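Asker: Turn this into a structure:
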Amino acid sequence: MRPHTAGNTMTEHIIVADEESTRTITMRRPEKKNTLTQEMYLAMSEAIDSAQSNPAIRCLILTGRSGVFTAGNDIGDFLQAATAKDDVARPRNAVIFLQSLVNNRKPIIAAVDGIAIGIGTTMVFHCDFVIASTTATFSSPFIQYGLVPEGATSLLLPRMVGHQRAFAMLVMGRSMSAEDAREAGFVNTVVARGHAVVEARKVAREICALPADAVAVSRKLLKLPTEDIVRRMDQEDHLFRSRMRSPEAIAAFQNFFNRKKR
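Answerer: Alright, predicted model coming up:
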């Protein structure tokens, strides 16, 4: 596998490798369950963006190392942003990464081994093909922190799985197993633990063997208009930033750290 270097945005916690016609973006921060830092968001964003103008890259794979997809955003970043004196009120690099996913024009496969929490689940909803191991779980627990859905999930998920399942995940914060996710419709295939990436590479080779232009046009027809997704994402982001500074959210962040200290 030939490693790809994407300028100064690369970090030790993100591995980007090009093999044949596929770019694999791997989250690797095992000591923190692949929790995403601001630098990791930028590195993944750059890896997606730079693939758009590279005709040699026909397909993308998103995955994690050490039996974990990602535990999502670092709650420390949330607390720091929520209590900052300026008006940022949300780590912006997460938004940049989500925008890259929305604007991506190449088929993208998620290979999910282990937990996918918060934005870890959000990014899966933007993928075209999802492979999950038997140990995979999906959850969007923003409600538990007094927050709201992000990344246009309030638009995408009901369309994928229906209102009731979306309500259980996004409003009640319930998690979903790999098999439940396959039954719900946003996971294509469930495989044995540790085999998600292997299966993803098989799917990528299948996609790359198809006529590139026809794949691109057909994929675009299947997806919601980009402007609709961006509009909902902006709406959610405005509400998310407002909620970040709410007493309810700040108390939830602090309770999270108090539980960790016990």
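Asker: for stretch 119-139, the distance to its chain's centre please.
Answerer: Taking C-alpha atoms, centre = their mean, to the nearest Å, the mean C-alpha location of stretch 119-139 is offset from the chain mean by 8 Å.
Asker: Straight-line length of it, end to end?
Answerer: For stretch 119-139, the first-to-last residue distance is 9 Å (C-alpha to C-alpha, to the nearest Å).
Asker: residues in contact with the residue positioned nearest the centre of the chain?
Answerer: Centroid-nearest residue in the chain, with C-alpha atoms, centre = their mean: residue 123, separated by 2.2 Å. Shown in contact with residue 123 (C-beta atoms under 8 Å, 6 or more residues apart in numbering): 62, 97-98, 101, 110, 151. To be clear about C-beta, it is placed using only N, CA and C from the backbone, and glycine gets the same treatment.
Asker: all helices for the stretch 1-150 of the chain, in order.
Answerer: Taking DSSP state H, counting those that start in this stretch, the helices of the stretch 1-150 of the chain run over residues 38-52, 75-82, 92-103, 119-125.
Asker: Would you mind finding the most buried of the ones you listed?
Answerer: A comparison of these by mean neighbour count, using mean count of other C-beta atoms under 10 Å, puts helix 119-125 on top with a mean of 25.
Asker: how far away is the residue nearest to the centre of the chain from residue 117?
Answerer: Using C-beta to C-beta, to the nearest Å, one gets 11 Å for the distance from residue 123 to residue 117.
Asker: Please pull out the lowest mean pLDDT helix or strand from this protein.
Answerer: Sorting the helices and strands of the chain by mean pLDDT, DSSP states H and E puts strand 2-3 at the bottom, at a mean of 42.
Asker: How far does the helix or strand hosting residue 259 sit from its chain's centre?
Answerer: Counting by DSSP states H and E, the element that carries residue 259 is helix 247-261. Its chain's C-alpha centre and that of helix 247-261 lie 24 Å apart, by C-alpha atoms, centre = their mean.
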